[in-house]
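> I would like the atomic coordinates for the input below:
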Amino acid sequence: MNSSPPLLELVFRSCIFMTFYCIVHVIVDVLYARAATSKFRLSFSERISVAEKVCSSINAVYASASAFTIIFIRNSFTADAFNGANCTSPMSALLSVYPKAPADVGFISSLLDPDWFLPAYIGYSIYDCVTMYFQGDNHWSMWVHHLVGIYGAIGNLHIRKLSVLSTFALGTEITALFVNLVWYAETLDLNRPQQILARRASITAAMGDEDDTPLVTPTMTPSNSETALDKAPLLSTPPAASSPSDSTTTPETSKKSASKRKMRAAKKAPATLTLVLVQFMRTLSFILFRITAVPYSFYLVGTLGRTEAFSFMTLIDMVAVVWNGFSTCPKSLLAWDMDRMFGVTALIVQVLFGALNVVWTLVAVKVAKRDLRRYIAGSRGSENAGKLKEE
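Here you go, the predicted structure:
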């Protein structure tokens, strides 16, 4: 039941999905991103993101659909495999479950197995790391997120245990759909060519993905936007008189200064109703899926892995079973095999992942509240302007 495909086959599957996402990226770039770059005055990083977020959405649907099918439809995580053998318990049986579909299911259903969606996630993460490298402006937490995800997927495929935690973690990928909607709603704004592009920084910087492309003036035409982006002064302000201290300014300090000016400008830019709505959807998805994923996975393990009611001791039992290599028999402190190494690090990463989800959710709530205030202020300003015009 838990027999693993050959290593080369798993590597080949990862390569297939990595190639698939690269092909999708190129197709989207050719068919839309190039034209959108001129129409919406996108930076090089944003042009990459137009296609990357299509791939991100595909990965989000595939990963979350697989996870939810395993958790809620197949109901794969139970302690039914416990047979009373030596050095086993309901907890060790639950943590050792590797959720494969029955052998008689079709190929389409088998695509929802970890032997497929974990290599797919590895392939997508490698592709996304390449795009992040070329963008050069992603927050360090996104690198950690992808690299740790690759490590966890490889570990899960190798030891074929602790899948209950990794599956719940992949279920949170569904929130990427709403994150991408927010990005598109803000960046691909039909009114953007007639506006000062101050809002570019509002979501990317707040979520740790700062874009330092100079902002442009409302008089710029789409035809010369790509060339002018490199030359346009920030917010169309006149250059300040040079001083002796300016000669010592480094590129790093200039970059930080430009980012701060963009954020100040973004705070004054109005938000649209569409942006407010997708911000609400993103925040709700974070609350429903990211905040609850890790606590609920631990609760599920604690509930199904013991015969009595859930308590703090169930978590202690879980840690002990993982420490002993998914066994109830004590193991020497120096007996570090692959089961213990991947199991212990997976528990640590899961806790940190839960903390990161809390931070991301708080940031999402903060940004949604900020844009709601901007939308209300912009609506009141338009209403007052209309009254003054009538008078």
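> just give the closest residue to Thr131, not the sequence neighbours.
The shortest distance from Thr131 to any residue other than its chain neighbours is 4.8 Å, reached at Glu52 (C-beta to C-beta, 6 or more residues apart in numbering). Using the backbone N, CA and C atoms, a C-beta is placed for each residue, glycine as well.
> list the buried ones in the strand or helix carrying the one you found?
Using DSSP states H and E, Glu52 sits within helix 44-68. Residues 44-60, 62-68 are the ones in helix 44-68 that count as buried (16 or more other C-beta atoms under 10 Å).
> residue boundaries of the helices in the stretch 251-391 of the chain?
Counting by DSSP state H, counting those that start in this stretch, one finds helices in the stretch 251-391 of the chain at the ranges 251-268, 273-285, 291-304, 312-323, 338-390.
> pLDDT weak spots in the protein?
For the chain, the stretches with pLDDT under 70 are 1-4, 81, 190, 192-270, 306-310, 381-391.
> the same query, at a cut-off of 80, please.
Low-confidence segments of the chain (pLDDT under 80): 1-5, 79-85, 101-106, 190-271, 304-313, 378-391.
> can you give me the helices in the stretch 101-250 of the chain?
Under DSSP H, counting those that start in this stretch, the stretch 101-250 of the chain gives helices at 107-110, 114-135, 140-159, 163-171, 175-187, 200-206, 225-228.
> what's in contact with the first one?
By C-beta atoms under 8 Å, 6 or more residues apart in numbering, the surrounding residues in contact with helix 107-110 are Ala101, Trp116.
> any idea how far it is from the chain center?
With C-alpha atoms, centre = their mean, to the nearest Å as the basis, helix 107-110 stands 26 Å off its chain's centre.
> buried stuff in it?
Neighbour counts over helix 107-110 (16+ other C-beta under 10 Å) mark no residue as buried.
> repeat for the second one
Buried positions in helix 114-135, judged by neighbour count with 16+ other C-beta under 10 Å: 114-128, 130-132, 135.
> check the third one too.
Within helix 140-159, the residues that count as buried by 16+ other C-beta under 10 Å are 145-146, 148-157, 159.
> what angle sits between that helix and helix 338-390?
150 degrees (axes from the mean of the first three to the mean of the last three C-alpha atoms, to 10 degrees).
> who are the packing partners of helix 140-159?
If contacts are counted by 3 or more C-beta pairs under 8 Å, 6 or more residues apart in numbering; DSSP states H and E, helix 140-159 sits against helix 114-135, helix 163-171, helix 338-390.
> who's in contact with the shortest one?
The set of residues external to helix 163-171 that reach it, using C-beta under 8 Å, 6+ apart, is 63-64, 66-68, 70-71, 77, 94-95, 97-99, 114, 117-118, 121, 152-153, 156, 289, 293-294, 296-297, 300-301, 346-347, 350, 353.
> thought Arg374 was touching Gln279?
No. Counting by C-beta atoms under 8 Å, Arg374 stays clear of Gln279, with 10.5 Å between them.
> quick one on the thing from earlier: now do the helix or strand that the helix holding Glu52 is followed by: everything it contacts.
Beyond helix 44-68 in the direction of the C-terminus, DSSP H and E gives the next helix or strand as helix 90-95. The contact list for helix 90-95 (C-beta under 8 Å, 6+ apart) reads 77-83, 161-162, 164, 301, 304-307, 314, 317-318, 321-322, 326-328.
> only C-alpha atoms, please: export helix 90-95 in CSV.
Taking C-alpha atoms only, helix 90-95 is exported to CSV below (Å, rounded to 0.1, in the frame of the first residue of the first chain):
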residue,chain,number,x,y,z
PRO,A,90,-3.0,4.4,17.5
MET,A,91,-0.8,7.6,17.4
SER,A,92,2.1,5.9,15.5
ALA,A,93,-0.4,4.2,13.1
LEU,A,94,-2.0,7.6,12.4
LEU,A,95,1.3,9.4,11.8
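> the nearest residue to Phe77 once chain neighbours are set aside - how many residues pack around it?
Nearest residue to Phe77, sequence neighbours excluded (C-beta to C-beta, 6+ apart): Val164, at 4.8 Å. Look at Val164: counted by other C-beta atoms under 10 Å, it has 25 neighbours.
> Lys161 now?
Lys161: 24 surrounding residues under other C-beta under 10 Å.
> then Val276?
Neighbour count for Val276, taken as other C-beta under 10 Å: 18.
> now it: closest residue in space, sequence neighbours ignored.
In this structure, Val276 finds its nearest non-sequential neighbour in Tyr375, 4.9 Å apart by C-beta to C-beta, 6+ apart.
> surely that neighbour meets Leu277?
No. Applying C-beta under 8 Å, one finds Tyr375 not in contact with Leu277, separated by 9.8 Å.
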